[in-house]
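**Student:** need a structure here:
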Amino acid sequence: MSPDSLLLPKDAPPQRVLRQFRIVFNAVKTHFRQLERESGLGGAQVWALSVIDSQPGIGATSLARALDIHQSTASNLVRGLVERGYVGTAREGSDRRSVALRILPPGKEILLRAPAPLAGVLPNALASLDDDTLLRLEQDLARLIERLDTDESAGKIPLGQS
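**Tutor:** Residues are numbered from 1 along each chain as shown. Model (predicted):
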């Protein structure tokens, strides 16, 4: 691709769509900054805390599924929350290997300070769209991802985390 091919008219479709992506990414970044400023935790940590709060006794595997992240990422999130005293762990049930997670009072305080939506603005906005719109978005973004020639495993890393 030559440098001249990037010089498109201001209102060309690629430029308009790029501006739309910037709007989306900046909305996400702004919410993450606000979350961190008001709660002291990053977006993925707050979301994980909110899931643990709403599902007492959840395990790390189910937490990873709920957040749609990789198991190791969920384990790292939990480790940080436990170390900071926001989440407690206990071995429960007949299988003593599984660990149940429960939010502790300092974790509840974090959630009270955190601005909504606790799952983040993008998951919240996507959840509000109808099925037809989501299907079109999914198909169109799949084509874009193909063009980017990127590793799809990046889809299991929360946006607020690098």
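
**Student:** how near is T133 to A125?
**Tutor:** 11 Å (Cβ to Cβ, to the nearest Å). Using the backbone N, CA and C atoms, a C-beta is placed for each residue, glycine as well.

**Student:** typed the wrong thing, it's E83
**Tutor:** 32 Å.

**Student:** so for those two, which sits in the more crowded spot?
**Tutor:** A125 (13 against 9; other Cβ atoms under 10 Å).

**Student:** what is the helix or strand hosting the more buried one packed up against?
**Tutor:** Under the criterion of DSSP states H and E, A125 resides in helix 121-127. Helices and strands touching helix 121-127, by 3 or more Cβ pairs under 8 Å, 6 or more residues apart in numbering; DSSP states H and E, are helix 13-39.

**Student:** quick check, distance from the helix it packs on to the centre of its chain.
**Tutor:** A distance of 13 Å separates the centroid of the chain from that of helix 13-39, by Cα atoms, centre = their mean, to the nearest Å.

**Student:** what helix or strand is the nearest residue to L41 once chain neighbours are set aside located in?
**Tutor:** Spatial nearest neighbour of L41, chain neighbours left out: I110 (6.0 Å); criterion: Cβ to Cβ, 6 or more residues apart in numbering. Per DSSP H and E: I110 is located in helix 105-113.
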